[in-house]
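Student: sequence? don't have it. structure:
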């Protein structure tokens, strides 16, 4: 028995719907390892239970496992917006999202987040402007309580700069794959584009923390999961 097997045998059981989705992901999709899986999904669910986010943004939907895991821990009336740039993924993923017990909390958006996010933010702000408190209304576009980033590793730094102006002070960003199967400390992968993207992102996060703009920690769970909290004093 591996350590991962031991952990999986001693944590809360996987929701039957997520179990079926994970099986379908492994039998019907290429690169099924891209799905979060039970261990990481349970962590994402519990983080949402703790943080109680009202507005969540996900970059990289894939089969929908992480979106559903987060939605299962989100409060009633909350909303998760998940972006998937690969339109060929939609035929598999959308039915799983829309047929889930948490369908009312999830909106799947097919397209390039770098082009579509500003318009989405304005739409959300218009829908909730009347209930924003005075502190939030000073920066109404800072709407997201939590961002989960699990897309092209080469673009992680760009994604960070894109989304952080829309994250409220004290809000959270979770970045997946930040240890990249150990490649971040293996010189043999120094010229790999994806590895370089992760290395650049990790270095950027260290700089951001040193500047006091964020706090962060890297959890050695699965492929590495970085928890980032935006400084309470940051307005951009």
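Tutor: Ah, there it is. Computed from a prediction, not measured in an experiment: that's the story for all the values here.
Student: all contacts plus neighbour counts: C-alpha atoms, from now on.
Tutor: OK.
Student: helices or strands next to the strand ranked longest in the chain in the packing?
Tutor: Once the chain is assigned using DSSP state E, the strand that runs over the most residues is strand 167-176. Using 3 or more Cα pairs under 8 Å, 6 or more residues apart in numbering; DSSP states H and E, the elements in contact with strand 167-176 are strand 144-149, strand 225-230.
Student: just these: most buried one?
Tutor: strand 144-149 (a mean of 25; mean count of other Cα atoms under 10 Å).
Student: what angle separates the longest strand of the chain from strand 144-149?
Tutor: 20 degrees (axes from the mean of the first three to the mean of the last three Cα atoms, to 10 degrees).
Student: what separates strand 167-176 from the chain centre, distance-wise?
Tutor: Taking Cα atoms, centre = their mean, to the nearest Å, one finds the center of strand 167-176 at 9 Å from the center of the full chain.
Student: Which one, of the helices and strands packed on strand 167-176, ends up nearest to residue 73?
Tutor: With distances scored as Cα to Cα, the stretch of the helices and strands packed on strand 167-176 nearest to residue 73 is strand 144-149 (12.6 Å).
Student: So the residue nearest the centre of the chain versus residue 192, what's the distance?
Tutor: What sits nearest the mean C-alpha location of the chain, by Cα atoms, centre = their mean, is residue 148, with 1.4 Å. For residue 148, the distance to residue 192 equals 24 Å [Cα to Cα, to the nearest Å].
Student: do residue 180 as well
Tutor: 11 Å.
Student: More neighbours: the two, which one.
Tutor: Neighbour count, other Cα atoms under 10 Å: between residue 180 and residue 192, residue 180 has more, with 18 against 12.
Student: Touching, the more buried one and residue 196? I think so.
Tutor: No: Residue 180 is beyond contact range of residue 196, at 10.2 Å (criterion: Cα atoms under 8 Å).
Student: Please pull up the helix or strand immediately following the longest strand of the chain.
Tutor: Proceeding N to C from strand 167-176, the next assigned helix or strand is helix 193-210, under DSSP states H and E.
Student: Residue 57 reaches residue 150, doesn't it?
Tutor: No: using Cα under 8 Å, residue 57 is not in contact with residue 150, being 11.0 Å away.
Student: Of those two, which one has the most company?
Tutor: residue 57 (25 against 22).
Student: Pairing partners for whichever strand or helix holds the more buried one, with directions?
Tutor: Under the criterion DSSP H and E, the helix or strand holding residue 57 is strand 55-59. Strand 55-59 pairs in its sheet with strand 79-84 (parallel), strand 144-149 (parallel), by DSSP bridges.
Student: Those into CSV, with extra columns for mean pLDDT and distance to residue 127?
Tutor: Output for those, formatted as CSV (pLDDT from 0 to 100; distance: least, Cα to Cα, whole Å):
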stretch, mean pLDDT, distance to residue 127
strand 79-84, 98, 12
strand 144-149, 98, 14
